[in-house]
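*Asks:* below are the sequence and a predicted model for it; my questions follow.
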Amino acid sequence: MILKAIIEDQEYTLNVPDAVLAGAGGFFDQLDRDMDQGWQMSRDWVDAPTQLQRCQIIADKLLSALEKENHKVGMLMAGYILDRLPAVESVELDIAGEIQNNHFNFRQPAAEAPATSSALGKNRAAETQASQHPSDRNASDQNGPGQRLSRLQAMTQAGNDVTKVFKVGKAWRFSVYDAERGGWQESPLIASEQEAERLRQAAVKQRYEALVAE
């Protein structure tokens, strides 16, 4: 598996063999046991780091390994991040040592399966409409250009633009539709379903308020 590490304007591609991931489970668990006791994250002491915070801590160790050109340790730290954040694509490492500023980028959810050969004859307009997010099509059908959504329409669209929470390994997350980018953006991994649901509701509210204000 591949993890990209970004340090300022430099990008490093870390290719972690599957054998390393499979054989380092005990080491990863020991890292978790160490962090179970709490951790000093820059200026703040965190009694019970979440999964995302744990990966930020390990990302700081990854930065140190890369600076010291310790490839073995760097491979293990990258392996931990890949194992605990299955959808992670890259990590932006903070060179100032602010652990909480280590930022993870995640892969987009898999696209729908391509159309079969029998569907290739469909016209371009139909394909464009099918590729739109359902809420975008509903809004365009019910409101002409420049018209604002009603509060009910905005609430419905906001609900469509934020998925229900779903489990990823031992953690939880949800996805938010980004109309500007034309794709789904996944939330960071969240330790509990209750916290994930709370953050999802906040995302729905933020999306609703944005739609009403447009």
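*Replies:* Alright, I've got the coordinates. Residues are numbered from 1 along each chain as shown.
*Asks:* helices or strands up against the top helix by length along the chain?
*Replies:* Criterion DSSP state H: the longest helix present in the chain is helix 193-213. Secondary-structure packing of helix 193-213 (3 or more Cβ pairs under 8 Å, 6 or more residues apart in numbering; DSSP states H and E): helix 151-161, strand 171-173. C-betas here are computed from N, CA, C, even on glycine.
*Asks:* mean confidence for the first one?
*Replies:* If I follow you right, that is helix 151-161. Mean pLDDT, computed over helix 151-161, is 80.
*Asks:* now the angle from it to helix 193-213?
*Replies:* 140 degrees (axes from the mean of the first three to the mean of the last three Cα atoms, to 10 degrees).
*Asks:* what are the buried residues along helix 151-161?
*Replies:* 153-158, 160-161 (16 or more other Cβ atoms under 10 Å).
*Asks:* repeat for stretch 178-189
*Replies:* 184, 186-189.
*Asks:* quick revisit: make a markdown table out of the helices and strands packed on helix 193-213 and add distance to residue 37.
*Replies:* Converted to a markdown table, the helices and strands packed on helix 193-213 look like this (distance: least, Cβ to Cβ, whole Å):
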| stretch | distance to residue 37 |
| --- | --- |
| helix 151-161 | 40 |
| strand 171-173 | 20 |
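*Asks:* between those, which gets nearest to residue 21?
*Replies:* strand 171-173 (17.5 Å; Cβ to Cβ).
*Asks:* now for the next helix or strand after the closest one, which elements pack on it?
*Replies:* Sequence-wise, the next helix or strand downstream of strand 171-173 (DSSP states H and E) is strand 175-178. Packed against strand 175-178 by the contact rule (3+ Cβ pairs under 8 Å, 6+ apart) you find helix 151-161, strand 183-186.
*Asks:* which one, of the ones you listed, ends up nearest to residue 56?
*Replies:* So among the helices and strands packed on strand 175-178, strand 183-186 is nearest, using Cβ to Cβ, at 16.8 Å.
*Asks:* so what strands line up beside the closest one?
*Replies:* Using DSSP bridges, the strands paired with strand 183-186 are strand 175-178 (antiparallel).
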